[in-house]
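> please find the sequence and the predicted model below.
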Amino acid sequence: MQTILIIIGLLAIAAGVGYVLIKKGKIKDSDGDFIPDVVEDKVDEVKGKVQKKVKAVKTRVKNVKDEIEDVVEELEDVFQAIKGKVTKSKLNSLTKQQLVDAAKKDHGTDLDVSVKKSTLVNKVYSLYNKK
């Protein structure tokens, strides 16, 4: 409780000193609102920087959203390519990551991307032919 009173007292003293300095003309306050012009200028500067950053972040978020939509479309294309009778030639046309994603989506099986593509093709082909 005493800490809060001390803080309030210090703030009151600082406000009083600021008021006296503004009235004596030591601190410039051209609009007469008892807020020093230096503080108002700094606030305006920071406000402008924040608005620029917000705009930049919104642009980046929009770009990321567009990229995610593209990835989803590509994954849908991959799964459409696999539909029908799954053949090794269809599976060979896919990338390693697409093979792993297809195995995960359709069979709930986690495969390792670091193995050879031919091994992945054989594993995914055997998963589809077990149905």
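Noted; the coordinates are in hand.
> pLDDT score assigned to residue 87?
What the model reports as pLDDT for residue 87 is 81.
> run a quick neighbour tally on it.
Neighbour count for residue 87, taken as other C-beta atoms under 10 Å: 12. (C-beta placed from N, C-alpha, C; glycine too.)
> which ones are touching it?
Going by C-beta atoms under 8 Å, 6 or more residues apart in numbering, residue 87 touches residue 125.
> separation between it and residue 75?
According to C-beta to C-beta, to the nearest Å, residue 87 stands 20 Å off from residue 75.
> kindly report the same for residue 9.
Residue 9 sits 64 Å away from residue 75, going by C-beta to C-beta.
> do residue 19 as well
If you measure residue 19 against residue 75 using C-beta to C-beta, the figure is 65 Å.
> which one's more surrounded, those two?
Under the criterion of other C-beta under 10 Å, the comparison of residue 19 against residue 75 puts residue 75 first, with 15 against 12.
> what's the helix or strand for that one?
Secondary structure assigned from DSSP states H and E places residue 75 in helix 37-82.
> what sits against residue 102?
Neighbouring residues of residue 102 by C-beta under 8 Å, 6+ apart: 78, 79, 82, 94, 124.
> I meant to write residue 104 there.
If a contact means C-beta under 8 Å, 6+ apart, then residue 104 has 110, 111 as its contacts.
> ok, now with 7 Å
residue 110 (C-beta atoms under 7 Å, 6 or more residues apart in numbering).
> ditto for residue 124
Here residue 124 is in contact with 91, 99, 102, 103 (C-beta under 7 Å, 6+ apart).
> so, low pLDDT: which residues of this protein?
Scanning the chain for pLDDT under 70 picks out the ranges 34, 80-84, 131.
> any idea how far residue 35 is from residue 18?
From residue 18 to residue 35 the distance is 9 Å (C-beta to C-beta).
> tell me which of the two has more neighbours.
Ranked by neighbour count (other C-beta under 10 Å), residue 18 and residue 35 place residue 18 first, with 17 against 14.
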